[in-house]
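# Take a look and give me a structure for this.
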Amino acid sequence: MSDRPNADYYEILQVNPNADPDTIHRIYRFLAQRFHPDNTETGSEERFRELHEAYTALSDPERRARYDVGYQQLRKDRWRLVSAGGQSENDFELEQSIRLTLLEALYTKRRLQPDEPAIFAGDLESLLGRTREQLQFTMWYLQQRKFVTRDDNSRLLITADGVDFLEQNYRASAQKRLNPAKS
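Below is the predicted model:
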């Protein structure tokens, strides 16, 4: 059904899973104009393709019903994972490690591709091997501290404060990972 396994069509279209067909159509038209490859300012062929795929699935009642079955199961599985988290005494250390890893990914992206320094949240999920729900707190925290921000396309990017924080904390974090017995 999708080139990307577990693609969240509702997130791609930025609509609620309970959205009516008219709302889905209206939002799709707005986003399609924004991301159409012919749009020289905000066009993105990849993003446009994702939008079209999501719209095609959600605008057909039969396809949407089939998609919703899998979508609801995926949401249940994700929440099961999230509720299983938080049970160990190392949760604070794990969260700190995830924050630093996320900042490292954004830092690397900005250094290697300064013209395209941002990363979609879905790509970070894949990169970090964490579900959206598992990363929500991490992203919220980093945004509140102004270590990351979102661009016009809702992608995450590291800020100067985030770079400073990462550079100040990277050595200590790397030492913990290399010598876990000394922590």
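
# so what's the residue nearest the centre of the chain closest to, chain neighbours aside?
Centroid check for the chain by C-alpha atoms, centre = their mean gives residue 121 as the closest residue, at 1.4 Å. Leaving aside its sequence neighbours, residue 121 sits nearest to residue 156 (C-beta to C-beta, 6 or more residues apart in numbering; 6.3 Å). Using the backbone N, CA and C atoms, a C-beta is placed for each residue, glycine as well.

# how deep is that neighbour tucked in, by neighbour count?
24 (other C-beta atoms under 10 Å).

# same check, this time on residue 152
9.

# Just the pLDDT for it.
Looking at residue 152, its pLDDT stands at 86.

# one step back: gap between the residue nearest to residue 121 and residue 96?
18 Å (C-beta to C-beta, to the nearest Å).

# Ok, residue 41 next?
38 Å.

# The two: who's more crowded?
A count of neighbours by other C-beta under 10 Å puts residue 96 above the other of residue 41 and residue 96, at 15 against 6.

# Which element is encountered next along the chain beyond the helix or strand harbouring the more buried one?
Assigned by DSSP states H and E, residue 96 belongs to helix 91-112. Sequence-wise, the next helix or strand downstream of helix 91-112 (DSSP H and E) is helix 121-128.

# Next, the angle from that next one to helix 91-112.
Between helix 121-128 and helix 91-112, the angle comes out at 110 degrees (axes from the mean of the first three to the mean of the last three C-alpha atoms, to 10 degrees).

# quick one, the helix or strand just after helix 121-128 and helix 121-128 angle?
Sequence order places helix 132-144 as the next helix or strand after helix 121-128, per DSSP H and E. Counting by the same axes, to 10 degrees, helix 132-144 points 110 degrees away from the direction of helix 121-128.

# List the buried residues for helix 132-144?
132, 134, 135, 138, 139, 142 (16 or more other C-beta atoms under 10 Å).

# And the protein, what are its domain boundaries?
Domains of the chain are assigned by automatic domain parsing as 9-84, 91-182.

# Touching stretch 107-123 from outside, list them.
Outside stretch 107-123, the residues that touch it by C-beta atoms under 8 Å, 6 or more residues apart in numbering are 4, 7-8, 11, 105-106, 127, 132, 135, 139, 151, 153-158, 162-163, 166.

# try 6 Å this time
Residues from elsewhere that reach stretch 107-123, judged by C-beta atoms under 6 Å, 6 or more residues apart in numbering: 151, 155, 156, 157, 158, 166.
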